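**Q** Could you look at this predicted model? Sequence included:
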Amino acid sequence: MNRIVGGALPHIPWQDKPEGCKRPVWRYTGNPIIGREGNRVSNSVFNSAVVPFEGGFAGVFRCDSFSVSMDIFVGRSSDGIHWTIEDTPIQFEREAAPGKSDDDGERFAREYRYDPRVCFLEDRYYITWCNGYHGPTIGVAYTFDFKKFVQLENAFLPCNRNGVLFPRKIGGMYLMLSRPSDNGHTPFGDIFISQSRDMEFWGRHHHVMSPVKGDLSAWQGTKVGPGPVPIETDQGWLLIYHGVITTCNGFVYRMGAALLDLEQPWKVLYRTRDYILAPHELYECVGDVPNVVFPCAALADGDTGRIAIYYGCADTVTGLAFTTVDELINFVKEHSL
């Protein structure tokens, strides 16, 4: 038996594994849980992040507008399935650098915001997202109540995407995964990890994993990137990630999983050769960007080992899938590269 290191979440969204299902991850039968019209201004709602909050759930959602501008919005739910998303994007308050004036707020100027993650860390919820600042980089903010949000300095230079924090310090340091990129639709991508003492200055960059070249695991041959906040288990950090292949019809995004060392999480203990979820359903294959499943959040129940995965579908709607810590870790080990 494998064990999640963390508290109970008895109200985690859940459906039992369908009879006859041979895969380690299975979809919610009510998918998509959020359609295009998640609020009054959205053309699409996808690649969003969810956490337990005040007996229910809160989240930060990517809602692309009818002009297809990209921004992030607060959402709330009592059951993690039915969501109310605000119609106005998050309005960040600025945290000026100590001893420096910030009258023009230039480094906090909004170009775009997308693909958020949310991580409860110490006493607050940190939000990380792809922030437009002379190209894509990692924006960072925190909130205590999902009402007031304080924006910190961007974590990295452009160009970077998919900033994912670990839910506790390791060796006295904050850690963040990311996928350095370019300014466009990156045809490459490796996962790196960076460390910080203060959530402002990031360094000690270590390589974690690369795409897999050749036919051994072609679904992740173009790029890989971190997905939800890693889940701590007694076997290591359970990381759900996205992998991409370049086909004759463009990019196809699938999900994989890995186990990282608990104390040196840049060391990969196991990594799936086979994907755990792929775009097979119509809502995953047809949309603004076809053939995409893109995980951004996972809820975990330390008592039962249940895991609920939130993922973007075809860059258009939001889906929900399920697994258990036993199903996923056993699969990772048995189908490892």
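**A** Here it is on my side, so go on. Numbering: from 1, shown residues only.
**Q** Spell out, range by range, the helices that occur in the stretch 201-337 of the chain.
**A** Counting by DSSP state H, counting those that start in this stretch, the stretch 201-337 of the chain has helices at residues 282-285, 325-334.
**Q** Highest mean neighbour count out of the ones you listed?
**A** Of all those, helix 325-334 has the most neighbours on average by mean count of other Cβ atoms under 10 Å, namely a mean of 19. The way it works is simple: take the backbone N, C-alpha and C, and place the C-beta from them, glycine included.
**Q** Residues touching that one, excluding its own?
**A** 1-4, 17, 24-25, 231, 233, 235, 238, 257-259, 270-272, 274, 276, 300, 305, 307 (Cβ atoms under 8 Å, 6 or more residues apart in numbering).
**Q** Let me have the helices of the stretch 201-337 of the chain in CSV, extended by distance to Lys223.
**A** As requested, the helices of the stretch 201-337 of the chain are arranged in CSV below (distance: least, Cβ to Cβ, whole Å):
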stretch, distance to Lys223
helix 282-285, 19
helix 325-334, 20
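**Q** got a markdown table for those helices, with distance to Glu111 and mean pLDDT too?
**A** As requested, the helices of the stretch 201-337 of the chain are exported to a markdown table (distance: least, Cβ to Cβ, whole Å; pLDDT from 0 to 100):
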| stretch | distance to Glu111 | mean pLDDT |
| --- | --- | --- |
| helix 282-285 | 29 | 98 |
| helix 325-334 | 36 | 98 |
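**Q** Mind checking which of the contacts of helix 325-334 land in strands?
**A** Ile231, Thr233, Leu238, Ala257, Ala258, Leu259, Tyr270, Arg271, Ala300, Ile307 (DSSP state E).
**Q** List the beta-bridge partners for Ser196.
**A** Tyr174, Trp202 (DSSP bridges).
**Q** Which residues are in contact with it?
**A** Ser196 touches Ala155, Met173, Tyr174, Leu175, Met176, Trp202, Gly203, counting by Cβ under 8 Å, 6+ apart.
**Q** How much space separates the second one from Ile193?
**A** By that I understand Met173. Counting by Cβ to Cβ, to the nearest Å, the separation of Met173 from Ile193 is 10 Å.
**Q** Tell me which of the two has more neighbours.
**A** Ile193 (22 against 16; other Cβ atoms under 10 Å).
**Q** Can I take it that the more buried one is in a strand?
**A** Yes: per DSSP: H, G, I helix; E, B strand; the rest coil, Ile193 lies within a strand segment.
**Q** For Ala258, see how far away Lys22 is.
**A** For Lys22, the distance to Ala258 (Cβ to Cβ) stands at 21 Å.
**Q** just His280 next, same as before
**A** Counting by Cβ to Cβ - His280 and Ala258 are separated by 22 Å.
**Q** Of those two, give the one with the bigger neighbour count.
**A** Ala258 (24 against 11).
**Q** Okay, and the beta partners of the more buried one?
**A** Applying DSSP bridges, one finds that Ala258 bridges with Leu239, Arg271.
**Q** Show me which of the contacts of Ser196 are buried.
**A** Among these, those classed as buried by neighbour count (16 or more other Cβ atoms under 10 Å) are Ala155, Met173, Tyr174, Leu175, Met176, Trp202.
**Q** I'd like those residues laid out as CSV, including distance to Met70 and pLDDT.
**A** Shown next, in CSV, are the buried ones among the contacts of Ser196 (distance: Cβ to Cβ, whole Å; pLDDT from 0 to 100):
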residue, distance to Met70, pLDDT
Ala155, 19, 98
Met173, 31, 98
Tyr174, 26, 98
Leu175, 26, 99
Met176, 21, 99
Trp202, 24, 98
